[in-house]
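Colleague: This is the structure alone, sequence omitted:
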C-alpha cells in the first residue's frame, strides 16, 4: 500500500532530535544480550537510513516536487541533529557515545545521504540507467577519483547514486568492491548494500523494485490508501531482524569465489580466465591507482596469475601503476617483470601511454625495455617517438639516447648523428651524453 511519506518524515524528525537519538540508542542497548557500542550506533544508523530512503521513495512515487520537498526536510533533520549534538553537554557515558557517533557514523551518514538522494533522483528520472553495468559504474567512480578534477564530490555522489538505483532494481554488488574500493566509495557501498539487505526483510517493499511507472501503478490499484504503521522500523531498532554495515549479507558467484581465493593463496592459479575474469582483474588493479590501502599480497598474487596466463590485456593499467609507484615498492618490480614477460604484446599499450604522457619519468624505463628486445620496426618506431617528443634536454633524455645506442644498427647511428647536430646545448652535459651514446652505437655497429 502507499505509504504517506510525511508520516515517515515525522518519524525521522522524532529520532533525529537529541532526545530521540538518546532514546533510540537506549532501545537498541536494552535489546542486546551483550552491549557493544559500535553495533548499537550501526543499528541506529541503519534504521535511520532505511527510514530516509523509504521516505524519499514514497515521495518520489508521488511526484518530483514531493521528492525535492522530502529531501530538503531530511537534510534539515540531519543537520539539526549533528548541530545539536555538538552543543549539548551530556553525562559522561552519553557524551562518550555521542562523540563516537559524531566522529564515525555521522560522517559516514552525511556522505551516504548525498548518495541516497542522488539514487532516488536517478530512479525517479526518465533516464535509461538500467543499461549501465554496475561494475562499469564503480570502475568509473574510481577513475573519477584518479583524475583529481574539481567538483569531484558531487560527480562521485551522482555515479554512486546510479549504482544505488541499479541495486534498487536488483543489480548485485560484488564482494570485491567492498574489499578493495577507495574509502569514499567503500563507505557508500557498504551503506547501499546494508540498505538493500534491509529492504529484503521490510514487508512494505517488494524488493527489487520495478521501474517507477510500474511501482506507481501498483499503488493505484489500492483504494483508500492509509498510512501503514511504522512498527517495522521501530522493531529494527529494538532488536528485530535486520542488517547493519557490520553484518552485511552478500551473494557470491563463481567469479567472486575466484577473486576471493587471491586474498589467501593460489587456489585457482591453473584456471584459465575468460573475458569477465580479465575485466575484474583489470578493475582490481586500477583501484590501486587511487587507493594505496588495497591488500598488497592480493595484488601481487593477481600479477602472478597474469604472468601465468600472459594476460597482456592488463598492460595499460600496469603502465599506469608503474608511473605511480615508487621504484623500491615490491609491486613496482612485479609490474615491471610482468610487462617484460608480455614482450611485443605490450607495445600497443606502451605507445598509448607514451602519447598520453610525453614527459613521464617512466619513459626512460620504457626506452630500456624497447632497446633490450629483438629489433623490429615497431620497437624502433616507438623508441624514436618517445625520444623525439620528450620535451626536456636533460639526464632522462640522455638515458633514452643511450637506449637508442644499445638498440644499435645503422638506423640508430644515423639518428643519433642527426640529434647531436641539432642539439641546443653547445657543450653541456646533455651534448656530452649524446656524444657518448653515438660512440657506443658506432662501436656496436662495427
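Modeller: Looks like it arrived, so ask away. Remember, predicted model here, so these are calculated numbers, not experimental data.
Colleague: So which residue is dead centre in this protein?
Modeller: By Cα atoms, centre = their mean, the chain has its centre lying nearest to residue 142, at 3.8 Å.
Colleague: following the helix ranked longest in the chain, which helix or strand comes up?
Modeller: In the chain, assigned by DSSP state H, the helix with the most residues is helix 37-62. Next helix or strand after helix 37-62 toward the C-terminus (DSSP states H and E): helix 64-87.
Colleague: Would you indicate which residues of that next one are buried?
Modeller: Buried positions in helix 64-87, judged by neighbour count with 16 or more other Cβ atoms under 10 Å: 66-67, 69-71, 73-74, 77-78, 81-82, 85. The C-beta positions use only the backbone N, C-alpha and C, and glycine is treated the same way.
Colleague: again with stretch 292-305
Modeller: If you call a residue buried by 16+ other Cβ under 10 Å, then stretch 292-305 has these buried ones: 294, 298-303, 305.
Colleague: now it, how far from the centre of its chain.
Modeller: 16 Å (Cα atoms, centre = their mean, to the nearest Å).
Colleague: can you check stretch 203-210 too?
Modeller: 27 Å.
Colleague: same question, stretch 201-214
Modeller: 27 Å.
Colleague: Stretch 284-294 now?
Modeller: For stretch 284-294, the distance to the chain centre is 8 Å (Cα atoms, centre = their mean).
Colleague: ok, and what's touching it?
Modeller: Here stretch 284-294 makes contact (Cβ atoms under 8 Å, 6 or more residues apart in numbering) with 139, 142-143, 145-146, 176, 180-183, 259, 298-299, 302, 314, 317-318, 320-321, 324, 331.
Colleague: could you give me the average pLDDT of it?
Modeller: Across stretch 284-294, the average pLDDT comes to 97.
Colleague: Next: stretch 335-346.
Modeller: In the prediction, stretch 335-346 has an average pLDDT of 96.
Colleague: Show which residues not belonging to that stretch make contact with it.
Modeller: Counting by Cβ under 8 Å, 6+ apart, 303, 306-307, 310, 312, 314-315, 318-319, 321-322, 325, 365, 369, 373, 376, 378-379 sit against stretch 335-346.
Colleague: where do the helices sit along the stretch 201-350 of the chain?
Modeller: 212-220, 231-237, 254-261, 275-287, 296-308, 315-324, 330-342, 347-356 (DSSP state H, counting those that start in this stretch).
Colleague: rewinding a little: what's the closest of the buried residues of stretch 292-305 to residue 42?
Modeller: Taking Cβ to Cβ as the measure, residue 42 sits nearest to residue 294 out of those, at 24.2 Å.
Colleague: thinking again about what came up before, show me which of the contacts of stretch 284-294 are buried.
Modeller: By neighbour count, with 16+ other Cβ under 10 Å, the contacts of stretch 284-294 hold 139, 142, 145, 176, 180-182, 259, 298-299, 302, 314, 317-318, 320-321, 324, 331 as buried.
Colleague: Give me the below-cutoff pLDDT ranges for this protein.
Modeller: Scanning the chain with the threshold set as pLDDT under 70 gives 1-3, 126, 204, 220-241, 424-427.
Colleague: Residue most distant from the centroid, it?
Modeller: Most remote from the centre of the chain, using Cα atoms, centre = their mean: residue 446, at 54.4 Å.
Colleague: quick one: that residue from residue 395, how far?
Modeller: Residue 446 is 27 Å from residue 395, where distance means Cβ to Cβ, to the nearest Å.
Colleague: For the residue nearest to the centre of the chain, list the residues it contacts.
Modeller: 181-182, 185, 283, 286-287, 289-291 are the contacts of residue 142 under Cβ under 8 Å, 6+ apart.
Colleague: how close does it get to residue 24?
Modeller: For residue 142, the distance to residue 24 equals 35 Å [Cβ to Cβ].
Colleague: Residue 120 now?
Modeller: 24 Å.
Colleague: Next, the buried residues of the strand or helix carrying residue 25.
Modeller: Per DSSP H and E: residue 25 is located in helix 18-30. Neighbour-count burial for helix 18-30 flags 18, 20-22, 24-25, 27-29 (criterion: 16+ other Cβ under 10 Å).
Colleague: nearest to residue 429, of those residues?
Modeller: For these, the nearest to residue 429 is residue 21 (67.5 Å; Cβ to Cβ).
Colleague: Do you have the strands of the stretch 301-446 of the chain handy? List them.
Modeller: Using DSSP state E, counting those that start in this stretch, no strands are found in the stretch 301-446 of the chain.
Colleague: Contact partners for residue 53?
Modeller: By Cβ under 8 Å, 6+ apart, the neighbours of residue 53 are 116, 119-120, 195, 199.
Colleague: mind listing which of those are in strands?
Modeller: Under the assignment DSSP state E, those contribute nothing to strands.
Colleague: from these, which single one is nearest residue 165?
Modeller: For these, the nearest to residue 165 is residue 119 (5.2 Å; Cβ to Cβ).
Colleague: mind listing what that closest one touches?
Modeller: Neighbouring residues of residue 119 by Cβ under 8 Å, 6+ apart: 53, 160-165, 168, 192.
Colleague: Need the three-state assignment for the closest residue to it other than its chain neighbours.
Modeller: Of all residues not flanking residue 119 in the chain, residue 164 sits nearest, at 3.3 Å (Cβ to Cβ, 6 or more residues apart in numbering). Of the three states, residue 164 takes helix under DSSP: H, G, I helix; E, B strand; the rest coil.
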